[in-house]
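Asker: predicted model follows, preceded by the sequence.
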Amino acid sequence: MAKMLRLRWTSTMAGALVATVIGNAATVIGAAETEAAECPRKDALGTSRVLSVDPKTYPRVGLKSFPQTLPLADREVVLTFDDGPNPPTTSKVLAALAQECVRATFFLIGQHASEHPDMVKRIAREGHTVGHHSYSHPYMGRIPFEKAMADIDRGIAADEMALHGVSTTTPSTPFFRFPYFESTQAQLDLLQSRGIIVFGADLWASDWEELTPEQQLKLVTERLAASGKGIILFHDNKARTAAMMPAFLRYLRENDYRVVHIVPAGTSQKSADTR
């Protein structure tokens, strides 16, 4: 069997986009090419491919909340982290991802981003996708529509200021996840009209529970084995998650799972392909 596509770990801008068809789905993904150096570890998990997500095709994804999810093949996973940045734990998560040359998506709380802009920049500099998770993490379905949207926009503006030095409510990466996965139809409709993709999850690590890293690892790997693939929810502000992440990535590598990195449609990536 041919070896799966792996992305080299690099710091230079990507070149041409390569179109690939996933399984039976006629979905075009972006896979960037460049002449950059390989991942330092030859046996690392790596990032299998880059999936460019178009809001017109996938306005809402994640089977825990919506009927549709991303077009992933069996044993493909998307790693996502909520509620950061939190330097003591986020830095450990980033180190674990870097060790395995893996790229993920971080849904940031705007207040935390404004407090730790250097960490926001680091997340992006290391090749990860920066998404949005509101400013203050409220229950969006329990507050007035205008207040909810104001909190969403304030969060986007804070993330953009930390990342690019410009306060704008037009996100450079139009990915958003509702706190607690709680939303209203009016909120969903407005974000869709703005071209912002709403992310749920297909499975989660339940790292908000009082579990040991070992218990959490057992729980999430059992759920992944049952589902076979999917968007996984973690929280990078949790010490237990940071502690178990190296073991989880090792589990993925040893059990032939492949990591997919998600980006907005039309984005060129700092990554390269090799076989």
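Answerer: Structure received. Numbers count the residues shown, from 1 in each chain.

Asker: tell me where the chain has helices.
Answerer: In the chain, the helices defined using DSSP state H lie at 87-99, 110-115, 117-125, 145-164, 185-193, 213-227, 239-254.

Asker: redo those as CSV? Include mean pLDDT.
Answerer: Output for the helices of the chain, formatted as CSV (pLDDT from 0 to 100):
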stretch, mean pLDDT
helix 87-99, 98
helix 110-115, 98
helix 117-125, 98
helix 145-164, 98
helix 185-193, 98
helix 213-227, 98
helix 239-254, 98
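
Asker: which one of those helices lies nearest to residue 57?
Answerer: helix 185-193 (11.8 Å; Cβ to Cβ). Bear in mind the C-beta positions are built from the backbone N, C-alpha and C, glycine included.

Asker: need the residues that contact that closest one.
Answerer: Residues outside helix 185-193 that contact it (Cβ atoms under 8 Å, 6 or more residues apart in numbering) are 55, 59, 60, 140, 145, 148, 149, 152, 176, 178, 198.

Asker: list the buried residues of it.
Answerer: The neighbour-count check on helix 185-193 (16 or more other Cβ atoms under 10 Å) flags 187, 188, 191 as buried.

Asker: one more: stretch 51-60?
Answerer: Result for stretch 51-60 [16+ other Cβ under 10 Å]: buried residues 51, 52, 53, 55, 58, 59, 60.

Asker: still on that earlier bit, top of the contacts of helix 185-193 by number of neighbours, please.
Answerer: residue 152 (27 neighbours; other Cβ atoms under 10 Å).

Asker: residue 133 is in contact with that residue, correct?
Answerer: No. Between residue 152 and residue 133 there is no contact under Cβ atoms under 8 Å: 9.3 Å.

Asker: overlap in contacts, these two.
Answerer: With Cβ under 8 Å, 6+ apart, residue 152 and residue 133 have common neighbours residue 176.

Asker: tally of neighbours for residue 166?
Answerer: Residue 166: 10 neighbours (other Cβ under 10 Å).

Asker: coming back round to it: in a markdown table: the helices of the chain, plus distance to residue 265.
Answerer: Output for the helices of the chain, formatted as a markdown table (distance: least, Cβ to Cβ, whole Å):
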| stretch | distance to residue 265 |
| --- | --- |
| helix 87-99 | 23 |
| helix 110-115 | 24 |
| helix 117-125 | 18 |
| helix 145-164 | 18 |
| helix 185-193 | 15 |
| helix 213-227 | 26 |
| helix 239-254 | 26 |
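
Asker: out of these, nearest to residue 66?
Answerer: helix 185-193 (9.1 Å).

Asker: would you mind confirming that residue 244 makes contact with residue 219?
Answerer: No. When contacts are counted by Cβ under 8 Å, residue 244 is not listed as touching residue 219 (10.0 Å).

Asker: of the two, who's got more company?
Answerer: Set residue 244 next to residue 219 and count neighbours by other Cβ under 10 Å: residue 244 wins out with 27 against 17.

Asker: before we move on, the earlier item: now, among the buried residues of stretch 51-60, which is nearest to residue 41?
Answerer: residue 51 (23.2 Å).

Asker: and that closest one, what's its pLDDT?
Answerer: Residue 51 is assigned a predicted lDDT (pLDDT) of 96.

Asker: what bridges to it?
Answerer: Under DSSP bridges, the beta-bridge partners of residue 51 are residue 262.

Asker: so it sits against residue 258, correct?
Answerer: No. With contact defined as Cβ under 8 Å, residue 51 does not count as touching residue 258 (11.3 Å).

Asker: could you list the buried residues of stretch 215-225?
Answerer: 216, 217, 219, 220, 221, 223, 224.

Asker: could I get the residues you listed as CSV with distance to residue 254?
Answerer: Output for those, formatted as CSV (distance: Cβ to Cβ, whole Å):
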residue, distance to residue 254
216, 18
217, 13
219, 18
220, 15
221, 11
223, 17
224, 13
